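Colleague: 3D, please:
(one chain, ligands or ions: 1)
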Amino acid sequence: MKSVWSVLSILCLAATVLVATVPTVNIIDKSVYSEKRFELMSDYAKFHYSLDSAALVSPNMVIIHYTAMPTLELSFKAFKPDIIPKHRERLSYYGDVNVGAHFLIDKDGSIHQLLPLDMMGRHAIGYNHKSIGIENVSADGSGLTVRQVSANAKLIAHLHATLPSIKYVFGHHEYMNQSYPHFKEFHENDAEYRPSIKLDPGFSFIKALRAKLKFTYGLEFEK
Ligand SMILES: [Zn+2]
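Modeller: Numbers count the residues shown, from 1 in each chain. Reported below is the predicted structural model:
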């Protein structure tokens, strides 16, 4: 009898640990989805990935960014239009759909969802068809906050619980690092559409995020 109680208490403990590692998150709906945007993203997916549509199926990576803008309002304003502004000449040459990620996290840690998880966003050349994108409001790497680190970790732990296909978490500045395991997933049909060097979100932020994921949620992803 004693051993039955021991087993039960171990099971209860295991269940408690499991519940503790799947956080609930408060997500504010700030959708920029439209049928037009889905069509334009589908054109992008056909041209750059040879895929039928912008449907995002079993994403296996989360890519972290900052917006290079100082406020939530300015960042949202940049992502809202369906079509990329003409002044972004180089990007606009390779596709009409505007840039956009799935989530936008403000400096206070509030999480805003811009795109549904079953649709591709245009946020990282070569990986849009495989990834969930998280943008953080900040003009540069030095403006990112501890609250944003916590919110990113919490959101990723939450996403991982519903999308177990997620295997890699990395920063946009790491995306072309060929020594990292995620690089084998890179795909771009147009050899002239070369990925540029990115600085976001930077070494310090990603290091803090990986530590938070490991020590708070027991999660370690591949780079
Ligand atoms: Zn970026």
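Colleague: quick one: contacts for Ser42?
Modeller: By Cβ atoms under 8 Å, 6 or more residues apart in numbering, Ser42 lies in contact with 52-54. Bear in mind the C-beta positions are built from the backbone N, C-alpha and C, glycine included.
Colleague: quick check: PyMOL command selecting the buried ones in these.
Modeller: In PyMOL, this line selects whichever of the contacts of Ser42 come out buried by 16 or more other Cβ atoms under 10 Å:
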select buried, resi 54
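Colleague: including distance to Tyr44, could the contacts of Ser42 go into TSV?
Modeller: Putting those into TSV (distance: Cβ to Cβ, whole Å) gives the following:
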residue	distance to Tyr44
Asp52	12
Ser53	10
Ala54	7
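Colleague: does Asn136 have any beta-bridge partners, and if so which?
Modeller: Tyr66, Ile105 (DSSP bridges).
Colleague: any chance you could map the helices in this protein?
Modeller: Assigned by DSSP state H, the chain shows helices spanning 2-20, 35-49, 72-79, 89-93, 146-162, 203-217.
Colleague: pLDDT score for the closest residue to Phe79 other than its chain neighbours?
Modeller: Spatial nearest neighbour of Phe79, chain neighbours left out: Gly100 (4.9 Å); criterion: Cβ to Cβ, 6 or more residues apart in numbering. Looking at Gly100, its pLDDT stands at 97.
Colleague: so what's Gly100 up against?
Modeller: Shown in contact with Gly100 (Cβ under 8 Å, 6+ apart): 32, 37, 79, 114-115, 121-123, 133.
Colleague: can you pick out the most distant pair from the residues you listed?
Modeller: With Cβ to Cβ as the measure, no two of the contacts of Gly100 lie farther apart than Arg37 and Gly133, at 14.2 Å.
Colleague: ok, back up a step: can I get the helices of the chain in a markdown table including distance to Ile64 and mean pLDDT?
Modeller: Conversion of those to a markdown table gives the following (distance: least, Cβ to Cβ, whole Å; pLDDT from 0 to 100):
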| stretch | distance to Ile64 | mean pLDDT |
| --- | --- | --- |
| helix 2-20 | 24 | 49 |
| helix 35-49 | 20 | 98 |
| helix 72-79 | 14 | 98 |
| helix 89-93 | 20 | 83 |
| helix 146-162 | 6 | 98 |
| helix 203-217 | 7 | 98 |
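Colleague: stretch 150-168: how far from the chain's middle?
Modeller: Averaging C-alpha positions (Cα atoms, centre = their mean, to the nearest Å) puts stretch 150-168 9 Å from its chain's average.
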